[in-house]
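**Student:** Please find the sequence and the predicted model below.
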Amino acid sequence: MDESVYDLSPGGDDPAADSWHPGRPGTEIGSRRAARLAAAAAEQSGVAVTAPAVPVPVYDLSTDLLADPSGWSTPVAPAEPDGTVQAPTGASGWPAPGGHPVAVPVAQPYADPAAPSAVVPPATASYGYADAPTHHLPVVPAEPTTILPSGSTPARTATVTDGSPEIGFTRHAREDADPDLITALAQVVYQGASDLHVTADAPPTVRVDGALRPAVPGGPWARHKVVAALRTLLTEEQLAQFDRDQELDFAYSLSADYRFRVNFYQQRGNWGAAFRIIPTKIKTLKQLGIPAHVAEFAKLPRGLVLITGPTGSGKSTTLAALIDLVNETRADHIVTVEDPIEFMHEHKKALINQREVGADTHSFASALKHVLRQDPDVILIGELRDLETISVALTAAETGHLVFATLHTQSAPGTIDRVIDVFPPHQQGQIRTQLAATLEGVVCQTLVPKANGAGRVVSTEIMKTTPAIANLVREGKTYQITSAMQAGRDMGMHTMDQDLAELVNVGTITRVAAMEKVHDLDGFDRLVQRVESPSDSSAAAIAASEIDFGDKYSGGH
């Protein structure tokens, strides 16, 4: 939202006047309750009820109307002879007693009770705050909004200053989904979080820069609340599948700009869910901070390329950037098999078809068995989960296709061992030979907090399958691959420890943060001590760089 004057008049140009924004940072929680109490107090005291000349909204930032409103762009209705201001039509319940300012969060004007607006949630809907005492969200410290009594003179304009992105909620999010759950999902966007966790006996919790914290103030959700809220996101078919499998993966669109990868699960007989936000705009490898040598994998005519790393390390984001690079530079047919579809690709220079497990195919293995008959040039496999999927991926790469896939491993040698160990011992010799012939490279990555505290930066390990490394794979000497990578920097290879040491030496990350990710502590210490640190100004410039691996999401990125 830009810092423009917030016009409260009906039909104003501000986008917030036509959309509902639950729980933005700075919102005063419990405002409806405060309004009811103020109205009751006014009725008992017999004080005349006054109101501004226009309907007053219900939810918005506490900074939208400041305590000193002399410069408001909205004109004030002329005062009556007794000094009061006439309330607008339909606003007889305006709760502000004369002479007593009342803090009221603002965002959406009251709708006519006889014709409620489609974008305003029903007045009877619960947002988890209706009976709670007034609190402030800790995200953005702000003064509470104050509506002054009659006779006051406006002093300044009311300006939106928090910069929170606007969300054009889908019809399902506005009308069908549980409002409390939508409020929590909106907080993922507003707080720049990556994940939302919903489980029984705990409040909705978001992950921001790797750390968990409550999404909104309030107590834990009871079991029946969790089930009722999560059920509103499911179709009848999805509900039947979840009842049968007790696991469910799908994607949910909060708006055209904000989608989530969702996993429903059972825990101790209760429902639980994890939501991972998916950026709609695919960033380039350079924007993500991935080394330029990784882009060379997008130019390969055939082979297997594996993107690996722990959960939440940005594997899907890197894979999407690689596929987008292929899409922009090659006139090929790309087929993806994902569970669920995360990044939505458009046809560019290439033709791209995305298949979702459950919606478009029964399983990874089933889709991959038939994908070879669909004339693909490039195949993306969301995850190599089992022997059958790995076997088909190796066969596809061996038959002349370029295959990209992900694994949850933390080093290049560990990735190779993981692929081989999936197979029974009597097949492992054959798989080593097949892998040595088809594997083109491994990119392992992890995210590390920046030294300046502003998000996280990616650290990588890159292996390219040279003839020497292919021979090590074939002979089962994967423990020697690390040395080969250390010696192959001229070819674009490096180990995770080398990259972490370099990030420490230039001041991008701290030594303490790097120590949590290194594989060889003694070797890492030698790397850090051997490399001379740059000047303070250079280190500060790198630490303050704009590269951010998707921890922060905003409308402009």
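**Tutor:** Good, I have the coordinates. Please read all numbers here as calculations on a predicted model, not as lab measurements.

**Student:** now the helices for the stretch 151-300 of the chain?
**Tutor:** 171-175, 179-190, 223-231, 236-245, 285-288 (DSSP state H, counting those that start in this stretch).

**Student:** Could you report the neighbour count for Arg330?
**Tutor:** 18 (other Cβ atoms under 10 Å). Backbone N, C-alpha and C define where each C-beta goes, glycine included.

**Student:** Minimum distance to Asp522: which of the helices of the stretch 151-300 of the chain has it?
**Tutor:** Nearest of the helices of the stretch 151-300 of the chain to Asp522, taken as Cβ to Cβ: helix 285-288 at 30.5 Å.

**Student:** Could you pull out the buried residues of the closest one?
**Tutor:** Within helix 285-288, the residues that count as buried by 16 or more other Cβ atoms under 10 Å are 285, 287-288.

**Student:** Please give the element, helix or strand, for Glu356.
**Tutor:** strand 351-356 (DSSP states H and E).

**Student:** Run through who's touching that strand.
**Tutor:** Residues outside strand 351-356 that contact it (Cβ atoms under 8 Å, 6 or more residues apart in numbering) are 251, 323, 327, 332-341, 344-346, 361, 367, 374.

**Student:** rerun that using 6 Å as the cut-off
**Tutor:** With contacts defined as Cβ atoms under 6 Å, 6 or more residues apart in numbering, strand 351-356 is touched by 327, 333-338, 340-341, 345, 361, 367.

**Student:** Pull out the buried residues from those.
**Tutor:** Taking 16+ other Cβ under 10 Å as the criterion, what is buried in the contacts of strand 351-356 is 327, 334-338, 340-341, 345, 361, 367.

**Student:** which one in the residues you listed is the model shakiest on?
**Tutor:** Checked by pLDDT, the buried ones among the contacts of strand 351-356 have Pro340 as the lowest-scoring entry (84).

**Student:** I'd guessed that residue sits against Asp249; true?
**Tutor:** Yes. Pro340 lies in contact with Asp249 (Cβ atoms under 6 Å); the separation is 5.4 Å.

**Student:** ok, back up a step: the strand holding Glu356 pairs with which strands?
**Tutor:** strand 333-338 (parallel) (DSSP bridges).

**Student:** Let's see the strand it pairs with as PDB, backbone CA atoms only.
**Tutor:** The C-alpha trace of strand 333-338 is given here as PDB (Å, rounded to 0.1, in the frame of the first residue of the first chain):
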ATOM      1  CA  HIS A 333       8.600 -29.500 -24.400                       C
ATOM      2  CA  ILE A 334       8.800 -29.400 -20.600                       C
ATOM      3  CA  VAL A 335       6.600 -31.800 -18.500                       C
ATOM      4  CA  THR A 336       6.500 -31.500 -14.700                       C
ATOM      5  CA  VAL A 337       5.200 -33.900 -12.200                       C
ATOM      6  CA  GLU A 338       4.500 -32.300  -8.800                       C
END
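
**Student:** Can you find the helix or strand in this structure with the smallest mean pLDDT?
**Tutor:** Counting by mean pLDDT, DSSP states H and E, the chain has its least confident helix or strand at strand 146-147, which shows a mean of 34.

**Student:** Could I get the contacting residues of Met485?
**Tutor:** By Cβ under 6 Å, 6+ apart, Met485 lies in contact with 463, 493, 495.

**Student:** what are the phi and psi angles of the second one?
**Tutor:** The phi and psi values for Met493, taken as degrees, to the nearest 10, are phi -100, psi 150.

**Student:** helix/strand/coil for the nearest residue to it once chain neighbours are set aside?
**Tutor:** Spatial nearest neighbour of Met493, chain neighbours left out: Met485 (4.5 Å); criterion: Cβ to Cβ, 6 or more residues apart in numbering. Met485 falls in the helix class when you classify it by DSSP: H, G, I helix; E, B strand; the rest coil.

**Student:** Give me the distance between Met485 and Glu338.
**Tutor:** 29 Å (Cβ to Cβ, to the nearest Å).

**Student:** what does Leu234 give?
**Tutor:** 19 Å.

**Student:** okay, how far is it across stretch 241-259, tip to tip?
**Tutor:** Chord length of stretch 241-259, first to last residue, is 21 Å (Cα to Cα, to the nearest Å).

**Student:** Run through the bridge partners of Leu248.
**Tutor:** Residues in a beta bridge with Leu248, per DSSP bridges, are Phe264.

**Student:** Tell me the pLDDT of it.
**Tutor:** Listed pLDDT for Leu248 reads 93.

**Student:** From what I see, it and Val262 are in contact.
**Tutor:** No. Leu248 is beyond contact range of Val262, at 7.9 Å (criterion: Cβ under 6 Å).

**Student:** Which positions in the strand holding Glu356 come out as buried?
**Tutor:** Buried residues in strand 351-356, counted by 16+ other Cβ under 10 Å: 352, 354-356.

**Student:** hmm, which two among these are most spread apart?
**Tutor:** Using Cβ to Cβ, the buried residues of strand 351-356 span at most 13.6 Å, a distance reached by Ile352 and Glu356.

**Student:** quick revisit: would you list the buried residues of helix 285-288 in a markdown table and tack on pLDDT and distance to Tyr258?
**Tutor:** Shown next, in a markdown table, are the buried residues of helix 285-288 (pLDDT from 0 to 100; distance: Cβ to Cβ, whole Å):
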| residue | pLDDT | distance to Tyr258 |
| --- | --- | --- |
| Leu285 | 95 | 23 |
| Gln287 | 93 | 19 |
| Leu288 | 94 | 19 |
